[in-house]
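# predicted model, plus sequence, below.
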Number of protein chains: 2
Amino acid sequence: MNPSPPTPSSLAMVPFVSVEHMMRLINEMGIAETIAAIADRIEADFLRWERFDKVARVPSHSETGVIELMPTSDGEFYGFKYVNGHPANMARGYQTVTAFGVLARVDTGYPVMVSEMTILTALRTAAMSVVAARHLAPKDGRVMAIIGNGAQCEFQALGFHHCLGIEEVRLWDLEPAATAKAARNLRETGLTVVACTSAEAAIEGAQIITTCTADKRQATILTDNMVGAGVHLNAIGGDCPGKTEFHRDILLRSDIFVEYAPQTRIEGEIQQLPAYHPVTDLWRVIAGQRPGRTSAHQTTLFDSVGFATEDFSALCHIYDEMRRTGYHTELDLLADPDDPRDLFGMVRRGGGGQSFR
Amino acid sequence: MNPSPPTPSSLAMVPFVSVEHMMRLINEMGIAETIAAIADRIEADFLRWERFDKVARVPSHSETGVIELMPTSDGEFYGFKYVNGHPANMARGYQTVTAFGVLARVDTGYPVMVSEMTILTALRTAAMSVVAARHLAPKDGRVMAIIGNGAQCEFQALGFHHCLGIEEVRLWDLEPAATAKAARNLRETGLTVVACTSAEAAIEGAQIITTCTADKRQATILTDNMVGAGVHLNAIGGDCPGKTEFHRDILLRSDIFVEYAPQTRIEGEIQQLPAYHPVTDLWRVIAGQRPGRTSAHQTTLFDSVGFATEDFSALCHIYDEMRRTGYHTELDLLADPDDPRDLFGMVRRGGGGQSFR
């Protein structure tokens, strides 16, 4: 007798948001609108910061890059992201950063969604920058420089245009092809896009300077004399040990804001500074416990490295959108025997119940 | 113009081993044979222990249970497991433990397999017990007691029968239905199965005592007077803070062997002992650096909590089997733009390239 394997029960199935479904979800709402929605979630979750289970992400470093796990929980849901960073990938036709994530219920431990997060990470990173700039950037800022015109660039431009009223972006990249790609993608957005031939030219007249370069080493994208007083620095690229973008002197005359200091000390621009150098938790600024920007002459620096709660906020947004739109498939991911104790019997029946050899 | 979204490239696709495919993979080789194959992998990987990137697993505890991530890498591949432990789940018709895992290439950071691991964890836990018993159990042992007849029980019985020549298993559980289920499943395996009405009766004449109960609290499944000299104790159930199975006095007169001491000190039976209490790394016994069993009167205790390298070994076995049999589907998990820098353009095209609102 070879009875056919039982069909999986609903408990066994976990919704899966593929790359294609993620693109549909985002475009249905709009890219800029999705960034805005995630920014609002991030801000709301930063306001209940103390409810989150927080650990620095868990890295596995190699010669060519890093693979990281970023878990967190708010007591009701648990989320984690898998993300790699491999700067040499691009030359091989691979993405520098790819990611996927999982949302689970804390009370049962059962996953409720598996999702692509390469695209979602790009949106949440822009959303996080928006949240920080809301509290730190000069209020009348209309011009943003973007140094590094890779995969993150257009999301930053669009997010700042839509959420903060940025009207002009000034682009520069070591590779003119990257700048041309970004300028092409940003046509029709309503932004004035200026392709520049040097970092110095790009930051001219900018109230916000965003750096999002991908080199995994200590670089000096900005030197001290390039940065005038009063600007907001949105530092995205320095996000792992040994990888920074700014000259140390810029840090010394900036007020520095961070997502989660224990992680930023290891990975951010401030790895160049001693561990006692004062930094401000951004969540405290949002909560009104600490001042953000206090004067027009102040140089503010958001030393962004990306923290697990931001991915959690983004996953929660996608979870709601996925349920609203039905854009997902089902994965037969969880073994679900009729009798939870009878995993063995399920496995045997799954093979048609043949005899032991 | 609404061009249809591009179809995903092969770089975007990640093989997925569902519950159904896992059952097929295991039954094609045989359950016992798969346990044996994983045991051989675990032993081989323990022999190159120092090449692995090792961290204690990363837990997120709640009132009802724990969700853990267990990453490791051998420099060529990176693997991690997501696993929950929720003792109250069973009463709700959910599994106490569910798991899934991912294998990735270290050089690119790209995942190469997503796999169910609820079933696979059951097999690798039995395989790990087999490896430990090979080096620690009395050589002439033919009788094993199994205290706790839940989801792990039959895999232990079958693994020890097939790999170590155990001829009789003596079963006991607080719930007679669990014992009956295990006894039923173990018919036709060639094992003599004795259902017992007390723990004392079960351990009578056993050279190996396996404990795999699921209660998440400090329990005393075995008291000191129950355990005679010369036995091998295979302690599976005590695997998180606050959860133990043995009376402390048993530990004090046993030689204790562990997978990875920094994790076992927190989670294993030895959480009852001071941090300086001597324990032996099992990998050193396998490598011939430390003695295992040295006399017939010695009580050996394998304080098993489950370590990331064991899941890695199991995932590598399944990865090879998956490629050999073709039992998998493909997940559109990784965004793969034609130009790696042009993630934004890919997302826009994925939505049909409609105008910005």
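Okay, I see it.

# the least confident helix or strand in chain A by mean pLDDT: partners in the sheet, and parallel or antiparallel?
Sorted by mean pLDDT, DSSP states H and E, the helices and strands of chain A end with strand A:218-222, the least confident at a mean of 76. Here strand A:218-222 is paired, per DSSP bridges, with strand A:244-246 (parallel).

# pLDDT of the partner strand, averaged?
Averaging pLDDT along strand A:244-246 yields 85.

# circling back: touching the least confident helix or strand of chain A from outside, list them.
Contact partners of strand A:218-222, identified using C-beta atoms under 8 Å, 6 or more residues apart in numbering or on different chains, comprise A:147-148, A:199, A:203, A:209, A:211, A:213, A:233, A:237, A:242-247, A:250. The way it works is simple: take the backbone N, C-alpha and C, and place the C-beta from them, glycine included.

# rerun that using 10 Å as the cut-off
Outside of strand A:218-222, the residues that reach it under the criterion C-beta atoms under 10 Å, 6 or more residues apart in numbering or on different chains are A:145, A:147-148, A:172, A:174, A:199-200, A:203, A:209, A:211-213, A:215, A:226, A:233, A:235, A:237-238, A:242-248, A:250, A:271-272.

# buried ones in it, by neighbour count?
Counting neighbours by 16 or more other C-beta atoms under 10 Å in any protein chain shown, one finds that the buried residues in strand A:218-222 are A:219, A:221-222.

# cool, and stretch A:136-147?
Under 16+ other C-beta under 10 Å, the buried positions of stretch A:136-147 are A:136-138, A:141-147.

# ok, the residues you listed vs residue B:23, which is closest?
For those, the closest approach to residue B:23 (C-beta to C-beta) belongs to residue A:146, at 50.6 Å.

# that closest one in helix, strand or coil?
Remark: residue A:146 carries the secondary structure label strand [criterion: DSSP: H, G, I helix; E, B strand; the rest coil].

# that one against residue A:159, yeah?
No: counting by C-beta atoms under 10 Å, residue A:146 does not reach residue A:159; the two are 11.3 Å apart.

# so how far is residue A:321 from the residue nearest to residue A:100 when sequence neighbours are not counted?
Excluding the flanking residues, the one nearest residue A:100 by C-beta to C-beta, 6 or more residues apart in numbering or on different chains is residue A:117, at 5.1 Å. The gap separating residue A:117 from residue A:321 is 14 Å, by C-beta to C-beta, to the nearest Å.

# residue A:195 now?
Applying C-beta to C-beta, the value for residue A:195 to residue A:321 is 34 Å.

# low-confidence regions, the stretch 151-300 of chain A specifically.
A:215-218, A:239 (pLDDT under 70).

# which parts of it sit against chain B?
Contact residues, the stretch 151-300 of chain A versus chain B (C-beta under 10 Å from any C-beta of the partner chain): A:151-155, A:157-158, A:161-162, A:173, A:175, A:177-178, A:181-182, A:184-191, A:214.

# if we use 8 Å, what do you get?
Counting by C-beta under 8 Å from any C-beta of the partner chain, the residues of the stretch 151-300 of chain A close to chain B are A:151, A:153-155, A:158, A:178, A:181-182, A:184-185, A:188-190.

# with neighbour count as extra columns, can I get those residues in TSV?
Rendered in TSV, the data for these read as follows (neighbours: other C-beta atoms under 10 Å in any protein chain shown):
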residue	neighbour count
A:151	31
A:153	30
A:154	32
A:155	27
A:158	27
A:178	21
A:181	23
A:182	28
A:184	13
A:185	22
A:188	8
A:189	18
A:190	12
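
# okay if I get those as JSON lines plus distance to residue B:89 and secondary structure?
Conversion of those to JSON lines gives the following (distance: C-beta to C-beta, whole Å; DSSP: H, G, I helix; E, B strand; the rest coil):
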{"residue": "A:151", "distance to residue B:89": "40", "secondary structure": "coil"}
{"residue": "A:153", "distance to residue B:89": "45", "secondary structure": "helix"}
{"residue": "A:154", "distance to residue B:89": "44", "secondary structure": "helix"}
{"residue": "A:155", "distance to residue B:89": "39", "secondary structure": "helix"}
{"residue": "A:158", "distance to residue B:89": "43", "secondary structure": "helix"}
{"residue": "A:178", "distance to residue B:89": "50", "secondary structure": "helix"}
{"residue": "A:181", "distance to residue B:89": "49", "secondary structure": "helix"}
{"residue": "A:182", "distance to residue B:89": "49", "secondary structure": "helix"}
{"residue": "A:184", "distance to residue B:89": "52", "secondary structure": "helix"}
{"residue": "A:185", "distance to residue B:89": "47", "secondary structure": "helix"}
{"residue": "A:188", "distance to residue B:89": "51", "secondary structure": "coil"}
{"residue": "A:189", "distance to residue B:89": "49", "secondary structure": "coil"}
{"residue": "A:190", "distance to residue B:89": "51", "secondary structure": "coil"}
